[in-house]
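Participant: Quick check, what structure comes out for this input:
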Amino acid sequence: MSTIFLFRHGQTYFNRDKIFTGWLDSKLTPLGIDQAKVIGNLLKDKNIDLAYQTRLSRSIDTLKEVLVFHPECREILTDDRMIERSYGNLSGHTHVETIAKYGQDMFDKWHRGWQDKADNGESFADVEVRVGDFIADLKAKYSGQNLGISISAHGNSIRLFRKIMEKASIEDTVSWVIPYDQYFEYQI
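Facilitator: Predicted coordinates:
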């Protein structure tokens, strides 16, 4: 049985400033680097044979802090099926600016609605499809192999990973706050 260690990247400047990031790149803040080091320390006694990251620097830089403790990691794979949810036309705009322009109700729908999405963006339902495909591939490749697999991901992709693996409700999924300094562990 393989073990997955799933964690969110540390805080970015866009996270700190409440800017819709989506697929835009935003570097880790000093706090975000510290949070990544916390994850590294939490996982230092685990075995990590393989690691997944997305193309975004926040995922890559967080994973680097984790792998400091894991010379046994033999491969780092980049897979954007675990990338952040795309906020489309909202990307790069602040939450305050979005609320002022479109209202709180619309902001809430775009931010935490299940089917709702900004123009050219993704809904949680959309993200669930690609995350589900990623999980199916993990299971097909690694089930029963006794590997440690770390995944440096993003808050919204982690919500959907958790929903699928924990068989959670939509209501629970959209309500979760995904921490920067903890990890989730699953067996496949």
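
Participant: list the buried ones in the host helix or strand of residue 165?
Facilitator: In this structure, residue 165 is located in helix 155-166 according to DSSP states H and E. Neighbour counts using 16 or more other C-beta atoms under 10 Å place 155, 156, 157, 158, 159, 160, 161, 162, 163, 164, 165 of helix 155-166 among the buried residues. The way it works is simple: take the backbone N, C-alpha and C, and place the C-beta from them, glycine included.

Participant: Next, residue 179: secondary structure please.
Facilitator: At residue 179 the chain is in coil, as set by DSSP: H, G, I helix; E, B strand; the rest coil.

Participant: count of residues packed around it?
Facilitator: The number of residues packed near residue 179 is 15, by other C-beta atoms under 10 Å.

Participant: For it, list the residues it contacts.
Facilitator: residue 8 (C-beta atoms under 8 Å, 6 or more residues apart in numbering).

Participant: Need the phi and psi values for the residue positioned nearest the centre of the chain.
Facilitator: For the chain, the residue sitting closest to the mean C-alpha position, by C-alpha atoms, centre = their mean, is residue 154 at 1.8 Å. Dihedral angles of residue 154 (phi, psi; degrees, to the nearest 10) stand at phi -130, psi 160.

Participant: Wasn't residue 25 part of a strand?
Facilitator: No: Residue 25 sits outside any strand when classified using three-state DSSP, being coil.

Participant: Give the burial count for residue 61, as a bare number.
Facilitator: For residue 61, the neighbour count with other C-beta under 10 Å is 19.

Participant: now residue 18
Facilitator: Summarising burial for residue 18: neighbours were counted as other C-beta under 10 Å, giving 12.

Participant: what mean pLDDT does stretch 35-50 have?
Facilitator: If you average the pLDDT over stretch 35-50, you get 98.

Participant: could you list every residue that touches the closest residue to residue 157 other than its chain neighbours?
Facilitator: Leaving aside its sequence neighbours, residue 157 sits nearest to residue 82 (C-beta to C-beta, 6 or more residues apart in numbering; 4.7 Å). Residue 82 makes contact with 52, 54, 131, 134, 151, 153, 154, 157, 161, according to C-beta under 8 Å, 6+ apart.
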